[in-house]
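> sequence? don't have it. structure:
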């Protein structure tokens, strides 16, 4: 088993999973990831809790794609956070999951007040004949691949650089709600996405794809206000290239693959329409290889 938050499921996590699968094969058991729902910091220091990069089901999906047999999303509560490292190890690692091998990164902490260091874990594993592999962090372009590094790139709008660190392009989800229908009147209908529960990229226009059940559509995504029409509210508007039909009330997932431009005010509706034509052409070109049927 491997324990951690695995937020975003980046390439550093993939390195841990690769070792996890190898050790699982050696000991003859399934590779299991144990994670927390919600992130412990949401209970301990809610004012400092970063917005998540993935929701629980998406995290499980990404880990499954890497070859993990099962993900345990343990409900984080005060009782769990109050456990000493020794009690956490006894109840979770030995009793609940009966682990024969563990795989962690060097900066792993567990138990009350993060008192359980990797050295504490090594001692506990040794006492109970459980093997422990410590996987060194993955370095890309001179820095460690981490969830916080991915988060900073997304907050800056550099979704293509974030994708280089993730195992899949950055994805959000939401529900399609009614908007002003201004896009449809201009000839560019959009799905307005609401109830988004993960980190939003920086304001801007992006290329990506919209994921509906069994199908992915190339998409141009406007994330921000509509200054040309004097609207200041930040919205997520997704134009599905080549799609016709109604999506109101449906869930939708959206991948961000590249940033096209900043949000700007246009001098006329015609100027805006000309720019939207360019945005859609750029989005179609950027996303064509990844649109279509989902695996």
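Arrived safely. Since the structure is predicted, the reported quantities are computational estimates derived from the model, not experimental observations.

> Find the helix or strand that the residue lying closest to residue 31 once chain neighbours are set aside is a member of.
Counting by Cβ to Cβ, 6 or more residues apart in numbering, the nearest residue to residue 31 once its immediate chain neighbours are dropped is residue 24, at 3.9 Å. Heads up, the C-betas are built off the backbone N, CA and C, glycines and all. Here residue 24, judged by DSSP states H and E, is contained in helix 11-27.

> what do you get for residue 88?
Residue-wise, residue 88 maps onto helix 85-88 under DSSP H and E.

> Show me what the very next helix or strand once past that helix is in contact with.
Next along the chain after helix 85-88, taking DSSP H and E as the criterion, comes strand 101-104. Here strand 101-104 makes contact (Cβ atoms under 8 Å, 6 or more residues apart in numbering) with 1-4, 16, 19-20, 23-24, 26-27, 29, 93, 118, 121, 125, 130-135.

> rerun at 10 Å
Residues outside strand 101-104 that contact it (Cβ atoms under 10 Å, 6 or more residues apart in numbering): 1-4, 15-24, 26-27, 29, 31, 33-34, 89, 93, 108, 110, 118, 121-122, 124-125, 130-135.

> What of stretch 14-22?
So stretch 14-22 is contacted by 1-2, 4, 6, 9, 13, 30-33, 62-63, 65-69, 101-105, 108, 133-138, 145, 166-167 (Cβ under 10 Å, 6+ apart).

> for the protein, which spans come out with low pLDDT?
180-185, 288-295 (pLDDT under 70).

> ranges for the strands of the stretch 51-200 of the chain?
Using DSSP state E, counting those that start in this stretch, the strands assigned to the stretch 51-200 of the chain run over residues 70-75, 101-104, 131-134, 139-140, 143-144, 170-177, 191-194.

> Show me where the chain has its helices.
Ranges of helices in the chain, per DSSP state H, are 11-27, 41-44, 56-65, 78-81, 85-88, 118-127, 147-155, 159-165, 182-186, 269-287.

> Mean neighbour count and distance to residue 234 for these - can I get that in JSON lines?
Below are these laid out as JSON lines (neighbours: other Cβ atoms under 10 Å; distance: least, Cβ to Cβ, whole Å):
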{"stretch": "helix 11-27", "mean neighbour count": "19", "distance to residue 234": "30"}
{"stretch": "helix 41-44", "mean neighbour count": "15", "distance to residue 234": "23"}
{"stretch": "helix 56-65", "mean neighbour count": "18", "distance to residue 234": "23"}
{"stretch": "helix 78-81", "mean neighbour count": "12", "distance to residue 234": "34"}
{"stretch": "helix 85-88", "mean neighbour count": "17", "distance to residue 234": "40"}
{"stretch": "helix 118-127", "mean neighbour count": "16", "distance to residue 234": "41"}
{"stretch": "helix 147-155", "mean neighbour count": "18", "distance to residue 234": "14"}
{"stretch": "helix 159-165", "mean neighbour count": "20", "distance to residue 234": "17"}
{"stretch": "helix 182-186", "mean neighbour count": "14", "distance to residue 234": "15"}
{"stretch": "helix 269-287", "mean neighbour count": "16", "distance to residue 234": "18"}
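
> Understood, closing this out.
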